[in-house]
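Q: everything below, folded, please.
(one chain, ligands or ions: 2)
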Amino acid sequence: MAEESWRIPMLVQELATKVQQPPSRYVQPEQYHPISLRVSAETPERIPVIDLSRLLAADGGADEAIKLRLALQSWGLFLVDNHEIETSLMDDLINASREFFRQPLDEKQKCSNVIGGKNLQVEGYGNDQARFEDQTLDWSDRLHLKVEPEDERNLDLWPKHPKSFRAILQEYRMNCKRIKDCILRAMAETLGLNEDYFISQFSVKAPTFARFNYYPPCPRPDLVFGFKPHSDAGVLTILLMDKDVGGLQILRDGKWYDVPTNPHRLLINLGDYTEIMSNGIFKSPVHRAVANAEKERISLAMFHGLDPEKEIEPTADLLNEEQPARYRKLKAKEYLAGFYEHFCRGTRFIDSVKILNMDV
Ligand SMILES: O=C(O)CCC(=O)C(=O)O
Ligand SMILES: [Fe+2]
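A: Numbers count the residues shown, from 1 in each chain. Ligands and ions are numbered 1, 2, ... in the order given. Below you'll find the model as predicted:
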């Protein structure tokens, strides 16, 4: 077992208090150093902002729906205003998770994602899976909780401190469901599909995960990633970001864009399933988080996935002779298995699901 100890790396929060330099397992190969992939200096375009109240407007919100479609075609993401989540709820949730991460290690370990001392499960507190000995690790810890289906919650892994944690997360999750349904309806309409098309893909078995990302300060943010470049797997992610400390960056047309801190605005990004279902009309954006030399950072991603048995494929109503299917069909559980394997290697599974020779 000793030679397998690389599978359970030390928590980064602990490591950060002990080292002057990130250990080599965290250091990106030179060509990927965040410093050598500089963010587009001129930032020629602003990240799109969608007003949710306009999407729901009595007049049909047609102008906002057009903005939404353009945003999803070109960026695959947007910031959301007028989402009607109380700002105090958003602050309370980030503060509650901050309190969780500030506890002594043995308290946090009560929610640990390590089973039997040697294997990592998806849920719980800890690191990402280290599947390969030569895998470059991210400079972050996380708390990963299944919130839906409700009867599949593993409450033993939910923090008991602070006491308010569960109630706040539950209230936030209800709000996310409302926002998700509103966006999915508008998305279907802009594609000319029945407005319930995307919503009807979610069965009672469709999982929602809350992932709290904790990024400790790093002595050499130029050498590591807080979160390596990736796209998300599911249908749609709702991201609540630290309101003071930035770090999220988006890749678009080969350039990286900083997402400025946006107190109380949410960021919504599509996941790979939606890119596939829309037959590539909508993008699942590649994004990453850079580390910070002085400050810790927290974010919360709510991932909306599909029933593991559900088959994901381009929507038949979007296909014709000129637009044949660009992705092959596969079950959500098969997608996730491939996704994690690729994620650990820093590659994208969706590239291997694409049907080639389509652009000739
Ligand atoms: O921390 C962030 O801003 C991004 C987190 C993220 O991309 C994720 O949890 O999938
Ligand atoms: Fe992500």
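
Q: what does the helix or strand of the chain with the lowest mean pLDDT contact?
A: Using mean pLDDT, DSSP states H and E, the weakest-scoring helix or strand in the chain turns out to be strand 119-120, at a mean of 83. The contact list for strand 119-120, computed with C-beta atoms under 8 Å, 6 or more residues apart in numbering, reads 7-8, 113-114, 126-127, 129-130. For the C-beta atoms, the positions are set from N, CA and C on the backbone; glycine is no exception.

Q: tell me the least confident of these?
A: For those, the minimum pLDDT belongs to residue 129; the value there is 77.

Q: right, and the helix or strand after the lengthiest helix in the chain?
A: Looking across the chain with DSSP state H, the single longest helix is helix 165-190. On the C-terminal side of helix 165-190, the closest following helix or strand by DSSP states H and E is strand 208-215.

Q: just checking, what packs against that next one?
A: The contact analysis (3 or more C-beta pairs under 8 Å, 6 or more residues apart in numbering; DSSP states H and E) places strand 208-215 against helix 87-102, strand 141-148, helix 165-190, strand 297-304.

Q: ok, which of these comes nearest ligand 1?
A: strand 297-304 (3.4 Å; C-beta to the nearest ligand atom).

Q: show the subsequent helix or strand relative to the closest one.
A: strand 311-312.

Q: packing partners for that following strand?
A: Under the contact criterion of 3+ C-beta pairs under 8 Å, 6+ apart, strand 311-312 touches helix 272-277, strand 330-331, helix 332-345.

Q: before we move on, back to that, to residue 239, which of the helices and strands packed on strand 208-215 lies closest?
A: Residue 239 lies closest to strand 297-304 among those, at 5.1 Å (C-beta to C-beta).

Q: adjacent strands (with direction) for the closest one?
A: strand 208-215 (antiparallel), strand 236-241 (antiparallel) (DSSP bridges).

Q: quick one: average pLDDT of it?
A: According to the model, strand 297-304 has a mean pLDDT of 98.

Q: mind listing the residues bridging to the closest residue to ligand 1 within the stretch 101-250 of the chain?
A: Closest approach of the stretch 101-250 of the chain to ligand 1 (C-beta to the nearest ligand atom) occurs at residue 248, with a separation of 3.6 Å. For residue 248, the beta-bridge partners under DSSP bridges are residue 289.

Q: straight-line length of stretch 215-228, end to end?
A: The first and last residues of stretch 215-228 sit 12 Å apart, counting by C-alpha to C-alpha, to the nearest Å.

Q: do that stretch and ligand 1 meet?
A: Yes - residues of stretch 215-228 are located near ligand 1 by C-beta under 6 Å from any ligand atom, namely residue 227.

Q: buried ones in that stretch, by neighbour count?
A: Residues of stretch 215-228 classed as buried by neighbour count (16 or more other C-beta atoms under 10 Å): 215-218, 220-221, 223-228.

Q: and this structure, which of its residues are near ligand 1?
A: Neighbours of ligand 1 within the chain, by C-beta under 6 Å from any ligand atom: 211, 213, 227, 232, 239, 241, 248, 287, 289, 299, 301.

Q: before we move on, the earlier item: also compute the angle for the longest helix of the chain relative to strand 236-241, please.
A: Angle, helix 165-190 to strand 236-241, by axes from the mean of the first three to the mean of the last three C-alpha atoms, to 10 degrees: 130 degrees.

Q: list the contacts of residue 208.
A: Shown in contact with residue 208 (C-beta under 8 Å, 6+ apart): 146-148, 173, 176-177, 302-305.

Q: quick one: it and residue 336, what's the gap?
A: Residue 208 sits 14 Å away from residue 336, going by C-beta to C-beta, to the nearest Å.

Q: equivalent analysis for residue 279, please.
A: Going from residue 279 to residue 336 by C-beta to C-beta gives 21 Å.

Q: again, but for residue 296
A: 29 Å.

Q: how close does the spatially closest residue to residue 98 that is not a sequence neighbour get to residue 67?
A: Among residues not flanking residue 98 along the chain, residue 298 sits closest, at 5.9 Å (C-beta to C-beta, 6 or more residues apart in numbering). Distance from residue 298 to residue 67, counting by C-beta to C-beta: 29 Å.

Q: between these two, who's got more neighbours?
A: residue 298 (22 against 19; other C-beta atoms under 10 Å).

Q: just to revisit the earlier point, which parts of the longest helix of the chain are buried?
A: By neighbour count on 16+ other C-beta under 10 Å, the buried set for helix 165-190 is 165-166, 168-169, 172-173, 175-177, 179-180, 182-190.

Q: repeat for stretch 90-100
A: For stretch 90-100, by 16+ other C-beta under 10 Å, it's 90, 92-94, 96-97, 100.
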